[in-house]
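**Student:** After the sequence you'll find the predicted model.
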There are 2 protein chains.
Amino acid sequence: MTITVDDHTDLPGLRERKKQQTRQAIHEAAFRLIDEQGVDSTTVDQICQAAEVSSRTFFNYFPSKAAAALALPTATVSDETRARFLAARGGLVWALCDAVGSGTELSPDHARIATLVRRHPELLTTLSAMMLEARSQFVALAAERASSQEQAELAVTLVMAAVGRGIRDEDSGDSLVDRLRHTADQLAAVAGHEMTAARDRSS
Amino acid sequence: MTITVDDHTDLPGLRERKKQQTRQAIHEAAFRLIDEQGVDSTTVDQICQAAEVSSRTFFNYFPSKAAAALALPTATVSDETRARFLAARGGLVWALCDAVGSGTELSPDHARIATLVRRHPELLTTLSAMMLEARSQFVALAAERASSQEQAELAVTLVMAAVGRGIRDEDSGDSLVDRLRHTADQLAAVAGHEMTAARDRSS
DNA sequence: TGTAATATTGCATGGCCTGCAAAAGCGGCA
DNA sequence: TGCCGCTTTTGCAGGCCATGCAATATTACA
């Protein structure tokens, strides 16, 4: 007789738990060391020693030390995010801020990561590379609600640009989603203002 | 008796000319090989062989093969660009489009480079890293005309976001500067539209 | 022509990252 | 408990990228 646990909770099993544990250990070590010493002065081997894994294992989990320090989920649009986006009321950009923001926010400790990025701007290139990676997915998502492909791309471009700012001022009590919306609003203001004036001028 | 050339044209001298020539040779080789084989399949040594320089010399000119293929000028705000920006009429974003666009346009063959980037998206990360590098300079520039530091940063954020788009549709006959302005305009439209609606809703 | 300045090169070094195959650990089953 | 299939971890080999240093070649100029 198999002694399986009776409840229907998908308990992950020892295997999966250990994997997450290893991943977390690597991330923790990378985070701490890079925060203390900076990116360039920290070697992968150092991180491996601290996390007690082989360097080969390290690269099974992360493609680079910077990625390990950030440990952002593969910025994939989850089904849940997608459903919420499609159901959300409000405009395209408004809803997109929610999708992007909450997706990023999923990371257990995005506040810590934002601080790390602020203290070590070298990480910005890695971060923006990751966002670039995710971009096409968000465009596809946006296209499901946009009136045109172009509008979808523009909206994503705007929100992605806002992320850079939204991550910086972590201090304000607002959630990342709200900060994204606020920044998008400001961007529209700073441009729209004079742009409409310019359009008048040129016509 | 010194036999100096009499005219006041700053002719560069043999030394400088050779340097530019070497730089150009490296760029040309990197461009061609990467266009043919992709970034990852092209090694620095291949580029060096094609350009007939040692690999050590390669790194005296460019920090990476991707940078060599793009060969964008160190995206520094030239005095001329700065002067034109300060003198320009029109709004902050409007003028900034000119500064960023013409600065990028200085590259002798930005059209070729835009095509290369489109054909090899891996180069996007390098490109955006370069833009990130230049960002602070443009923020400083913008601050000289902006009413606040925040406005300066927002304006630069917007224009930089537009660059990504502006580089893509090289086809339209417009200049990069005009395309930047157009995109900034669109961005403002796509956001401003619903954002003001949202603001009304939340108040 | 001779000297100073600068550019190029070779060499050594260290770090990053990947593929491959062996070893170790986990999961189920009798 | 003991065995078998699967997944993860590890070691190793190897290639590439990138930088510092010192020697050499080239240019500038008097």
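**Tutor:** Done, it's in. Note that the structure is predicted; figures quoted are calculated from it, not measured.
**Student:** What's the mean pLDDT across stretch A:136-148?
**Tutor:** Mean per-residue pLDDT for stretch A:136-148: 94.
**Student:** For it, list every residue counted as buried.
**Tutor:** Applying a neighbour-count criterion of 16 or more other Cβ atoms under 10 Å in any protein chain shown, one finds A:Q137, A:F138, A:V139, A:L141, A:A142, A:A143, A:R145, A:A146 buried in stretch A:136-148. No exception for glycine: its C-beta is placed from N, CA and C like everyone else's.
**Student:** next one: stretch A:61-73
**Tutor:** Of all the residues in stretch A:61-73, those buried under the rule 16+ other Cβ under 10 Å are A:Y61, A:F62, A:K65, A:A66, A:A67, A:A68, A:A69, A:L70, A:A71, A:L72.
**Student:** Can you tell me which of those is nearest B:R17?
**Tutor:** Minimum distance to B:R17 across the buried residues of stretch A:61-73 is 39.8 Å, recorded for A:A66 (Cβ to Cβ).
**Student:** Quick one: residues contacting the closest one.
**Tutor:** The contact partners of A:A66, taken as Cβ atoms under 8 Å, 6 or more residues apart in numbering or on different chains, are A:I34, A:V39, A:E122, A:L123, A:T126.
**Student:** pLDDT at it, what is it?
**Tutor:** Confidence per residue is given as pLDDT, and for A:A66 that number is 98.
**Student:** Alpha carbons of whatever helix or strand it lives in, as CSV, please.
**Tutor:** Secondary structure assigned from DSSP states H and E places A:A66 in helix A:65-70. Included here for helix A:65-70 are C-alpha records, laid out as CSV according to Å, rounded to 0.1, in the frame of the first residue of the first chain:
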residue,chain,number,x,y,z
LYS,A,65,26.6,36.1,-11.5
ALA,A,66,24.6,39.3,-12.1
ALA,A,67,21.5,37.2,-12.9
ALA,A,68,22.1,35.2,-9.8
ALA,A,69,22.2,38.3,-7.7
LEU,A,70,18.9,39.6,-9.2
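**Student:** right, is it up against DNA strand D?
**Tutor:** No: figure legend: helix A:65-70 not in contact with DNA strand D (Cβ under 7 Å from any atom of the strand); closest approach 13.6 Å.
**Student:** what ranges do the helices span in chain A?
**Tutor:** Counting by DSSP state H, the segments of chain A that form helices are A:13-37, A:44-51, A:55-61, A:65-70, A:79-87, A:92-105, A:110-119, A:123-143, A:149-168, A:176-202.
**Student:** Would you single out the least confident of these?
**Tutor:** Lowest mean pLDDT within the helices of chain A: helix A:176-202, a mean of 77.
**Student:** rewinding a little: filter the contacts of A:A66 down to the buried ones.
**Tutor:** When the contacts of A:A66 are checked for burial by 16+ other Cβ under 10 Å, the buried set is A:I34, A:V39, A:L123, A:T126.
**Student:** For DNA strand D, tell me which of these show up nearby.
**Tutor:** The subset of these within reach of DNA strand D, by Cβ under 7 Å from any atom of the strand, is empty.
**Student:** Against A:S54, how distant is the residue of chain A found nearest DNA strand C?
**Tutor:** Scanning chain A for the residue nearest DNA strand C gives A:L14, at 3.1 Å (criterion: Cβ to the nearest atom of the strand). Counting by Cβ to Cβ, to the nearest Å, the separation of A:L14 from A:S54 is 20 Å.
**Student:** what sits against A:L132?
**Tutor:** In this structure, A:L132 makes contact with B:L124, B:T125, B:S128, judged by Cβ under 8 Å, 6+ apart.
**Student:** I figured the first one hits B:V117, correct?
**Tutor:** Yes: A contact is recorded between B:L124 and B:V117 when judged using Cβ atoms under 8 Å, the distance being 6.4 Å.
**Student:** doesn't A:L158 make contact with A:V100?
**Tutor:** No: contact between A:V100 and A:L158 fails when scored by Cβ under 8 Å: they sit 10.5 Å apart.
**Student:** who are the neighbours in contact with the residue nearest to A:C97 when sequence neighbours are not counted?
**Tutor:** Residue nearest to A:C97 in three dimensions, not counting chain neighbours: A:L180, with 4.0 Å by Cβ to Cβ, 6 or more residues apart in numbering or on different chains. A:L180 makes contact with A:C97, A:V100, A:G101, A:V159, A:A162, A:V163, A:G166 under the criterion Cβ under 8 Å, 6+ apart.
**Student:** ok, now A:S102?
**Tutor:** A:S102 sits in contact with A:T81, A:R84, A:L176, A:V177, where contact means Cβ under 8 Å, 6+ apart.
**Student:** Could you do A:T57 as well?
**Tutor:** With contact set as Cβ under 8 Å, 6+ apart, A:T57 has these partners: A:T22, A:C48.
**Student:** ok, now how distant is it from A:A25?
**Tutor:** 10 Å.
**Student:** What residues does the residue lying closest to A:A189 once chain neighbours are set aside make contact with?
**Tutor:** Using Cβ to Cβ, 6+ apart and skipping residues adjacent in sequence, the residue nearest A:A189 is B:G192, 7.3 Å away. Listed by Cβ under 8 Å, 6+ apart, the contact set of B:G192 reads A:A188, A:A189, A:A191, A:G192.
**Student:** Roughly how far does the residue lying closest to A:R82 once chain neighbours are set aside sit from A:A95?
**Tutor:** Nearest in space to A:R82, with sequence neighbours left out and distances taken as Cβ to Cβ, 6+ apart, is A:L141 at 6.1 Å. Distance, A:L141 to A:A95, by Cβ to Cβ: 10 Å.
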